[in-house]
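Peer 1: dropping the sequence and predicted coords here.
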Amino acid sequence: MVPRELQRFIQPALDQFKVELAAELGIPDYDIIDKGELTSRQNGRVGGNMTRRMVGFAETVLAFYYRKQLEGNKSN
């Protein structure tokens, strides 16, 4: 769960991430275009890639904290 004081930053961060990712996928101005004009495949690519990258990020963070925990247990 995200701490309460950070919750107001979540949606703007996700929106910015979506726009940047869409641009990488060749869909410029994703924040101002009518998403209904895009195909399901185009919108799905954006959402799917967002999910893939967020899961990868979460896995990296989990691995980092798990490694730190293991290293902490070795020093005891």
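Peer 2: Received it, and whenever you're ready, just let me know what you need.
Peer 1: what's near enough to touch residue 33?
Peer 2: Neighbouring residues of residue 33 by Cβ atoms under 8 Å, 6 or more residues apart in numbering: residue 27. For every residue, glycine as well, the C-beta is placed using N, CA and C.
Peer 1: in terms of helices and strands, where is it?
Peer 2: Following DSSP states H and E, one finds residue 33 outside all helices and strands.
Peer 1: the protein: strands as residue ranges?
Peer 2: Using DSSP state E, the chain contains no strands.
Peer 1: which regions of it sit below the pLDDT cut-off?
Peer 2: Along the chain, segments meeting pLDDT under 70 span 75-76.
Peer 1: burial of the nearest residue to residue 31 once chain neighbours are set aside, as a residue count?
Peer 2: Once flanking residues are discounted, residue 31 sits nearest to residue 19: 4.7 Å by Cβ to Cβ, 6 or more residues apart in numbering. Neighbours of residue 19 under the rule other Cβ atoms under 10 Å: 17.
Peer 1: show me what the top helix by length along the chain packs onto, helices and strands only.
Peer 2: If you go by DSSP state H, the chain has its longest helix at helix 40-74. Judged by 3 or more Cβ pairs under 8 Å, 6 or more residues apart in numbering; DSSP states H and E, helix 40-74 is in contact with helix 10-24.
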